[in-house]
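Undergrad: Okay, predicted coordinates and the sequence, questions at the end:
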Amino acid sequence: MRTQVPLAGFTTLRIGGPADKLVEVTTEDELITAVRDADAADEPVLLLSGGSNVVIGDDGFRGTVIKVATKGIKADADACSGAMVHIQAGEDWDAVVQRAITEEWSGLESMSGIPGLTGSTPVQNVGAYGHEVAETIASVRVWDRAESRIRTIFAADCGFAYRSSMFKSAPERFVVLEVAFQLKLGNLSAPIGYAELARVLDVDPDTRAPMTEVREAVLTLRRSKGMVLDPADHDTWSAGSFFT
């Protein structure tokens with residue numbers, strides 16, 4: 001635990017005053033313990049993921065900031081059922097997408113270049129270029145702060161809607177520990193459902209394309225809009241889209 005730590009370095013906007021306390025957790029047990037201890041002390045808690053969907057004021061945060069840095073990816077794959085991939089909340093999302101393409105796990109490629117960590121994806125029901133994570137999430141393991149227990153919530157019960165979920169509706173209750181994705185096997189993408197992406201790929205809408213080509217096309221489109229984070233390019237320093 002550190003005290004009076006400036007939070008600017010933990011956000012994509014590069015702004016944010018000091019946290020009273022900052023705890024960086026690298027295991028699931030550490031994450032649960034940090035949240036449980038802060039709750040027991042009746043301290044305000046800010047769970048900080050990749051810092052790409054948050055604005056922190058110059059006054060900082062009066063309470064405990066828990067920086068999620070848990071790691072781990074476990075996959076079971078076979079030709080019949082595809083790949084079931086369990087990903088810890090602190091895994092970098094774009095790195096997960098890149099690995100999925102390398103392993104030929106299809107379904108995440110259109111969400112290339114989205115900043116942040118995997119644990120945040122079900123909260124926002126992250127999506128881009130015609131697809132969203134609700135299409136491939138099988139379940140979400142959480143720490144339920146109200147019931148003081150670990151729960152596994154299956155996709156049908158997650159309340160997924162456009163850029164929303166039950167986790168977003170009750171932000172003080174659930175701590176995402178792990179997300180499980182059910183992905184198809186193969187080197188072709190999910191059907192291209194976004195007209196702009198289909199145009200760049202020069203394919204008909206609702207057809208498939210090689211996942212590597214889809215990723216490069218998505219990154220090209222995002223870069224053209226200043227939406228791929230670059231430490232050297234201030235125009236890419238944002239807190240995401242504000243259209244909702």
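TA: The structure has been received and is ready for your questions. These figures come from a predicted structure and were not determined experimentally.
Undergrad: Helices of the chain, start to end?
TA: Residue ranges of the helices in the chain, as given by DSSP state H, are 28-40, 93-103, 121-124, 166-169, 195-201, 211-224.
Undergrad: most neighbours per residue, which of the ones you listed?
TA: helix 121-124 (a mean of 25; mean count of other C-beta atoms under 10 Å). (C-beta placed from N, C-alpha, C; glycine too.)
Undergrad: could you say what helices and strands it packs with?
TA: Packing contacts for helix 121-124, counted by 3 or more C-beta pairs under 8 Å, 6 or more residues apart in numbering; DSSP states H and E, involve strand 137-144, helix 166-169, strand 174-185.
Undergrad: Just the mean pLDDT for that helix, thanks.
TA: For helix 121-124, mean pLDDT rounds to 97.
Undergrad: picking that back up, could you export the helices and strands packed on helix 121-124 as JSON lines, including mean pLDDT and distance to residue 15?
TA: Below are the helices and strands packed on helix 121-124 laid out as JSON lines (pLDDT from 0 to 100; distance: least, C-beta to C-beta, whole Å):
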{"stretch": "strand 137-144", "mean pLDDT": "98", "distance to residue 15": "29"}
{"stretch": "helix 166-169", "mean pLDDT": "97", "distance to residue 15": "23"}
{"stretch": "strand 174-185", "mean pLDDT": "98", "distance to residue 15": "25"}
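Undergrad: can you list the domains in the protein?
TA: In terms of domains, the chain is parsed into 2-68, 73-185 (source: the TED database).
Undergrad: how about the ones you listed in JSON lines, adding distance to residue 208?
TA: What follows is the domains of the chain, written out as JSON lines (distance: least, C-beta to C-beta, whole Å):
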{"stretch": "domain 2-68", "distance to residue 208": "29"}
{"stretch": "domain 73-185", "distance to residue 208": "8"}
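Undergrad: Residue 192 is nearest to which of those?
TA: Comparing these by their distance to residue 192 (C-beta to C-beta), the top pick is domain 73-185, with 6.8 Å.
Undergrad: so how far is the first residue of that closest one from its last?
TA: 17 Å (C-alpha to C-alpha, to the nearest Å).
Undergrad: do the same with stretch 57-71
TA: End-to-end distance for stretch 57-71, by C-alpha to C-alpha: 29 Å.
Undergrad: for it, what is the average pLDDT?
TA: For stretch 57-71, the mean per-residue pLDDT is 98.
Undergrad: Could I get the buried residue list for that stretch?
TA: Across stretch 57-71, burial judged by 16 or more other C-beta atoms under 10 Å covers 60-61, 63-70.
Undergrad: picking that back up, residue 232: which of the domains of the chain is closest?
TA: Residue 232 lies closest to domain 2-68 among the domains of the chain, at 12.3 Å (C-beta to C-beta).
Undergrad: Distance across the closest one, terminal residue to terminal residue?
TA: Where domain 2-68 starts and where it finishes are 15 Å apart, if you go by C-alpha to C-alpha.
Undergrad: Kindly report the same for stretch 191-208.
TA: End-to-end distance of stretch 191-208: 5 Å, with C-alpha to C-alpha as the criterion.
Undergrad: Done for today, thanks.
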